[in-house]
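> could you work out the structure for the sequence below:
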Amino acid sequence: MIFDSHTHLNVEQFNEDIPETIERAKKLGVSKMAVVGFDTPTIDKSLALSRDYPNLYSIIGWHPTEAGGYTKEIEVKLQEQLTTPKVVALGEIGLDYHWMQDPKEIQDRVFRRQIAIAKEMNLPISVHTREALEDTYKILKEENVRDIGGIMHSFSGNVEWAKKFLELGMHLSFSGVVTFKKATDVQEAAMNVPLNQMLVETDAPYLAPVPYRGKRNEPGYTRYTVEKIAELRHLTMEEVAGHTWKNAHRLFRLNEND
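Model (predicted):
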């Protein structure tokens, strides 16, 4: 069984076929998934999906590209929503220096504030970082993220960065990027991460793995990421699936048999 630790079934690309997508995932061995909300509409949709489907869970937070719209009213509502049953983490939060929708100072403030909320609520965090590894690491270290733990979502760094985030107590989650021929840094990182700190994800509908690269990604394709990691580490697919399944349940404080 496979746990997709980060997917976006709550975006418009899936408006027409959510039930069918979930069924296709089950046939590929992906039996649980965390649906990540990152702004008001996607948070609301994530919560609705995890309420309606027993094998879906919610991760909700305020994305760094939306940091400029983070207000006290948003924060109060988010804190209330985080108490909803089946919310397993706060995210995705972090820094995005690629799009730079808002200045670094605003992204920094909103990131740190949400880490503080996660600590108050004893929730792990799911971290988005794009072209901002150094500042992301600095903030996580200064904020003592080890107290709650969390996920470096769709990890894209090299082995050296992997070690630094692992030392903070973070899990590294690998997406379809690990299947890309030129993603040698990510592949090397996947080969060296301790199995008890590894997760897998799709980030669907983005980052579809080989053999579906360039097409709409969907949760079932987590299987191809698992297969690639197994190949890289000379393990069976079942071994990688088993470790990442246990890790997701432990981090999210879920019962494997539910």
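> which SSE is K228 in?
With secondary structure defined by DSSP states H and E, K228 is part of helix 222-233.
> to clarify, my last question referred to V88.
Short version: V88 belongs to strand 87-96, going by DSSP H and E.
> list the neighbouring strands of that strand plus their orientation.
Strand pairing for strand 87-96, determined by DSSP bridges: strand 56-60 (parallel), strand 125-130 (parallel).
> which is the next helix or strand following that strand?
In the C-terminal direction, the helix or strand that comes right after strand 87-96 (DSSP H and E) is helix 104-121.
> secondary structure class of H171, three-state.
When the structure is split into helix, strand and coil by DSSP: H, G, I helix; E, B strand; the rest coil, H171 lands in strand.
> just the strands from the stretch 151-258 of the chain, written as ranges.
170-174, 198-200 (DSSP state E, counting those that start in this stretch).
> need those strands in JSON lines with mean pLDDT and distance to S50, can you?
Every residue, glycine included, has its C-beta placed from N, CA and C. Shown next, in JSON lines, are the strands of the stretch 151-258 of the chain (pLDDT from 0 to 100; distance: least, C-beta to C-beta, whole Å):
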{"stretch": "strand 170-174", "mean pLDDT": "98", "distance to S50": "19"}
{"stretch": "strand 198-200", "mean pLDDT": "98", "distance to S50": "18"}
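> wait, which of these is closest to A230?
Smallest distance to A230 across the strands of the stretch 151-258 of the chain (C-beta to C-beta): 10.6 Å, for strand 198-200.
> which residues does V87 bridge with?
Listed by DSSP bridges, the beta-bridge partners for V87 are S58.
> do you know the pLDDT at it?
Note on V87: pLDDT of 98.
> okay but it is in contact with Q81, surely?
Yes: counting by C-beta atoms under 8 Å, Q81 is a contact partner of V87 at 7.1 Å.
> ends of stretch 55-69, how far apart?
With C-alpha to C-alpha, to the nearest Å applied, stretch 55-69 spans 31 Å between its terminal residues.
> sort out which residues of it are buried, please.
The neighbour-count check on stretch 55-69 (16 or more other C-beta atoms under 10 Å) flags 56-67 as buried.
> now swap in stretch 118-127 and tell me
Buried residues in stretch 118-127, counting neighbours by 16+ other C-beta under 10 Å, are found at 118-119, 123-127.
> stretch 177-196 now?
Of the residues in stretch 177-196, those buried by neighbour count under the rule 16+ other C-beta under 10 Å are 177-180, 183, 185-187, 189-190, 193.
> stretch 197-212 now?
For stretch 197-212, the neighbour count (16+ other C-beta under 10 Å) marks 197-205, 207-209 as buried.
> send the alpha carbons of it over as CSV?
Provided in CSV are the C-alpha atoms of stretch 197-212 (Å, rounded to 0.1, in the frame of the first residue of the first chain):
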residue,chain,number,x,y,z
GLN,A,197,12.6,9.7,7.2
MET,A,198,11.4,9.2,3.6
LEU,A,199,7.9,9.9,2.2
VAL,A,200,6.6,9.8,-1.4
GLU,A,201,4.1,12.1,-3.1
THR,A,202,2.8,13.3,-6.5
ASP,A,203,2.1,17.0,-6.0
ALA,A,204,-0.6,16.2,-8.6
PRO,A,205,-1.6,17.7,-11.0
TYR,A,206,2.0,18.9,-11.3
LEU,A,207,5.3,17.1,-11.7
ALA,A,208,4.0,13.9,-13.4
PRO,A,209,6.7,11.1,-13.3
VAL,A,210,8.1,9.2,-16.2
PRO,A,211,6.3,7.6,-18.1
TYR,A,212,3.6,10.4,-17.8
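> now the closest residue to R253 other than its chain neighbours: how far from Y57?
Using C-beta to C-beta, 6 or more residues apart in numbering and skipping the chain neighbours, the partner closest in space to R253 is V88 (7.2 Å). For V88, the distance to Y57 (C-beta to C-beta, to the nearest Å) stands at 5 Å.
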